[in-house]
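In: predicted coordinates and the sequence they were generated for:
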Amino acid sequence: HFYIFPSHSQTIASIGIEDIQDTGLDAQLFVQNLTKELYQTNALLSGQSPGILSATFSPPRMFGVRLRYNFGPR
């Protein structure tokens, strides 16, 4: 038996600044799964027929800040 998941997409956005005031520091604001799209992933079909179908769901909307420091010249 096969179970085919429908196609899905996830909206990811980010904006950032590199080398803030020549300090070597980069900053980025980001958001993942902006539209809170819900879909199944990592399917596993196990057991005897008809079997057990288990799957995990997409991650929730997540947003945050990424900071990076660069040592030495660019």
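Out: Received it, and whenever you're ready, just let me know what you need.
In: hey, let's count contacts and neighbours off CA atoms from now on
Out: Noted.
In: tell me the strands in the protein, going along the chain?
Out: 12-17, 25-32, 40-46, 52-57, 62-69 (DSSP state E).
In: name the strands paired with the first one and say parallel or antiparallel.
Out: Strand 12-17 has the following sheet partners, assigned by DSSP bridges: strand 25-32 (antiparallel).
In: ditto for the third one
Out: For strand 40-46, the paired strands and their directions (DSSP bridges) are strand 52-57 (antiparallel).
In: for the last one, same thing?
Out: When pairs are called by DSSP bridges, strand 62-69 turns out to pair with strand 25-32 (antiparallel).
In: quick one: mean pLDDT over the partner strand.
Out: Mean per-residue pLDDT for strand 25-32: 97.
In: just give the number of residues close to the closest residue to Phe57 other than its chain neighbours.
Out: In space, and not counting its chain neighbours, Phe57 is closest to Gln40: 4.5 Å by Cα to Cα, 6 or more residues apart in numbering. Residues near Gln40, counting by other Cα atoms under 10 Å, number 15.
In: so what's Gln40 up against?
Out: Phe5, Ala55, Thr56, Phe57, Ser58 (Cα atoms under 8 Å, 6 or more residues apart in numbering).
In: buried residues in stretch 62-74?
Out: For stretch 62-74, burial by neighbour count (16 or more other Cα atoms under 10 Å) applies to no residue.
In: that's all I had, so thanks and see you.
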